[in-house]
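S.K.: Task: produce atomic coordinates for the following.
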Amino acid sequence: MLRFPRAAGVLCHVTSLPGPAGSGDLGESAYRFVDWLASARQGIWQMLPLGPPGYGESPYQCDSAFAGNPLVIGLDRLVDQKLLSRDEIEWPALPSPERVDFATVRPFREQRLERAFDRFQQQASTVERTAFTDFCRAHHYWLGDYALFAALKKAHDRRAWTEWEPELVRRDPAALALWSEKLVREIEREKFVQYQFDRQWYELKGCANSHGIRLMGDVPIFIAHDSADVWARPDLFSLDSSGHPTVIAGVPPDYFSETGQRWGNPLYRWNERHDGVFDWWVSRMRRAMHQFDLVRLDHFRGFEAYWEIPAQDETAAGGRWVAGPGADLFLHLSAQLGELPLVAEDLGVITPAVDALRDDLGFPGMRVLQFAFGDDPKSIDYQPHNYPRHCVVYTGTHDNDTTVGWFQSGAGDGTTRNSEQVARERATVLRYLGTDGGNVHWDLIRLALGSVADTAIVPLQDVLGLPSSARMNLPGTLQGNWCWRCAPGAMIEDLARRLAEMTTVYGRAAAENRS
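M.R.: Numbering: from 1, shown residues only. Sure thing, here's the model as predicted:
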């Protein structure tokens with residue numbers, strides 16, 4: 001079992017960082033955040049998946065399981081490389097610095113990346129060209145398919161790959177060769193963008209690690225149907241002859257929805273193509289473990305059994321549980337990759353079999369304080385006096401309301417609670433915490449940090465004490481998610497000092513290392 005040292009961290013997605021150019025990125029704002037985390041004695045920076053988001057800008061529905069998000073490339077870093085000028089990255093005044101307007105941000109950033117690519121082709125030195133070539137060679141196992149897919153998506157007005165020409169849908173070699181020649185410049189540009197993402201990412205990771213901060217990534221169990229991965233390897237998924245899913249992923253009715261959640265992701269052919277799917281997962285996890293120091297494995301319960309929904313169903317209610325790959329996959333992964341620094345996201349409908357799989361593999365599970373005070377009999381498992389040491393405690397996750405918003409909410413807040421349940425839950429919170437609720441976010445932060453859990457993670461919104469308007473995602477909805485940004489100047493030194501003191505009191509303070 002890989003034991004995690006007692007530590008604390010903050011959950012904040014890269015796009016949520018403050019700064020210029022319309023959204024947070026891997027530029028100066030990320031380095032300032034690392035400095036702030038270090039001053040707060042935090043040892044972990046957790047973020048959401050970093051892939052290029054597709055429909056709805058969800059980082060859990062990406063165009064690739066391997067590629068990086070072009071929108072988080074730091075434009076100021078491209079200025080440092082003399083691929084852009086300072087004037088070219090000036091961003092106009094925003095209607096709200098606390099929301100990402102993706103409809104505006106995307107074209108702005110894509111245009112700047114296009115200019116940077118043109119200049120790279122015109123003026124790059126031999127050393128820089130060699131570095132780019134080496135990157136392409138090292139990542140050939142995914143980069144070629146992704147670059148062609150991304151170029152084809154743009155050439156087809158971002159339509160899903162199942163709506164392309166039939167010969168492209170079925171990946172006819174002659175058609176692929178023809179389009180590869182036709183889009184040669186666009187394909188090279190996509191590779192250049194990924195090169196810049198990787199370059200900036202590992203520079204940031206090196207900086208964070210030198211400050212004693214580990215980076216925690218997030219790997220979704222399922223991938224988007226409209227992705228380079230499914231288009232390139234349709235044999236690994238349950239698809240019909242036209243490339244459409246026959247069954248899809250989701251979850252049954254739960255805390256967030258009375259009809260369940262219909263995610264729409266295609267399901268793996270675990271039983272038919274074990275070797276192919278397993279080897280694909282080795283490649284995926286190898287990249288994730290290289291990018292991150294720790295990895296949160298989203299929807300872990302799906303590896304024991306997943307909710308299979310007929311693709312034609314409009315809701316998830318008519319699905320069924322189907323056995324997943326279980327321990328076999330993880331034994332295969334560890335045989336190829338060694339020790340797996342994974343956190344199992346074991347929320348939702350969890351059975352003894354899921355608990356047994358997690359424990360047999362030695363992965364820490366998750367405990368969410370917002371789930372600790374309701375009427376559900378399982379709420380007691382989320383109360384800190386019942387925690388095992390080998391777990392990760394959160395005040396809330398990206399799918400939860402902010403702690404302030406949750407405490408102040410009523411019925412109809414995106415959960416299935418009625419007004420009486422809300423009132424009982426709030427009363428239980430006050431009794432358990434011995435507080436009047438005036439600073440409930442700090443009460444829950446203290447509860448998390450003081451627990452026996454090896455790891456405690458707090459969303460940045462809770463450190464800042466923000467209301468529901470700062471919520472990152474409301475499960476089961478498609479609009480208005482993933483847009484929250486930290487306001488400029490919000491991460492003040494007083495907050496860092498308060499968090500540092502509390503983190504130190506409970507024996508979680510990271511030792512900063514600037515060597």
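
S.K.: hmm, who's touching stretch 243-253?
M.R.: 161-162, 169-170, 221-222, 225, 230-231, 234, 237-240, 259-267, 299, 302, 306-311, 316-317, 319, 348-349 (CB atoms under 8 Å, 6 or more residues apart in numbering). Every residue, glycine included, has its C-beta placed from N, CA and C.

S.K.: Which of those are buried, as a PyMOL select command?
M.R.: Selecting only the buried entries of these in PyMOL, with 16 or more other CB atoms under 10 Å as the criterion:
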select buried, resi 161+162+169+221+222+225+230+231+234+237+238+239+260+261+262+263+264+265+266+267+299+302+306+307+308+309+311+316+319+348+349
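
S.K.: where's the residue of the chain positioned farthest from its centre, which helix or strand?
M.R.: Taking CA atoms, centre = their mean, the residue of the chain most remote from its mean C-alpha position is residue 174, at 36.4 Å. Taking DSSP states H and E as the definition, residue 174 sits inside helix 173-182.

S.K.: got a list of what residue 313 touches?
M.R.: 262, 319.

S.K.: From residue 250, how far out is it?
M.R.: In this view, residue 313 and residue 250 are 9 Å apart by CB to CB, to the nearest Å.

S.K.: Same check on residue 125?
M.R.: In this view, residue 125 and residue 250 are 50 Å apart by CB to CB.

S.K.: More neighbours: which of the two?
M.R.: residue 250 (23 against 8; other CB atoms under 10 Å).

S.K.: check which helix or strand covers the nearest residue to the more buried one once chain neighbours are set aside.
M.R.: Nearest residue to residue 250, sequence neighbours excluded (CB to CB, 6 or more residues apart in numbering): residue 316, at 3.9 Å. Using DSSP H and E, residue 316 falls within no helix or strand.

S.K.: Residues contacting the helix or strand in which residue 355 is found, please?
M.R.: Element membership for residue 355, per DSSP H and E: helix 352-361. Applying CB under 8 Å, 6+ apart, the set of residues contacting helix 352-361 from outside is 300-301, 303-305, 326-327, 330, 340, 344, 346, 365.

S.K.: Endpoint to endpoint, stretch 175-189 covers what distance?
M.R.: Terminal residues of stretch 175-189 lie 20 Å apart, using CA to CA, to the nearest Å.

S.K.: Now for residue 403: which residues touch it?
M.R.: 369-370, 395-396, 440-441, 444, 461-462.

S.K.: Can you flag which of the residues you listed belong to helices?
M.R.: For those, membership in helices holds for 440-441, 444, 461-462, with DSSP state H as the criterion.

S.K.: got the residue ranges for the strands in the stretch 251-400 of the chain?
M.R.: For the stretch 251-400 of the chain, the strands defined by DSSP state E, counting those that start in this stretch cover 261-266, 294-297, 305-310, 320-323, 342-344, 365-368, 391-394.

S.K.: need the ones you listed in CSV with mean pLDDT and distance to residue 277, can you?
M.R.: As requested, the strands of the stretch 251-400 of the chain are arranged in CSV below (pLDDT from 0 to 100; distance: least, CB to CB, whole Å):
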stretch, mean pLDDT, distance to residue 277
strand 261-266, 93, 12
strand 294-297, 98, 16
strand 305-310, 96, 13
strand 320-323, 96, 14
strand 342-344, 98, 18
strand 365-368, 98, 24
strand 391-394, 98, 27
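
S.K.: now those as a markdown table including distance to residue 55?
M.R.: Below are these laid out as a markdown table (distance: least, CB to CB, whole Å):
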| stretch | distance to residue 55 |
| --- | --- |
| strand 261-266 | 9 |
| strand 294-297 | 22 |
| strand 305-310 | 18 |
| strand 320-323 | 25 |
| strand 342-344 | 27 |
| strand 365-368 | 27 |
| strand 391-394 | 27 |
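
S.K.: With residue 32 as the reference, measure out to the residue nearest to residue 24 when sequence neighbours are not counted.
M.R.: Sequence neighbours aside, residue 17 is the residue nearest to residue 24 in space, at 2.9 Å (criterion: CB to CB, 6+ apart). According to CB to CB, residue 17 stands 8 Å off from residue 32.

S.K.: Angles on the backbone of residue 247, please.
M.R.: Per-residue torsions, residue 247: phi -140, psi 150 (degrees, to the nearest 10).
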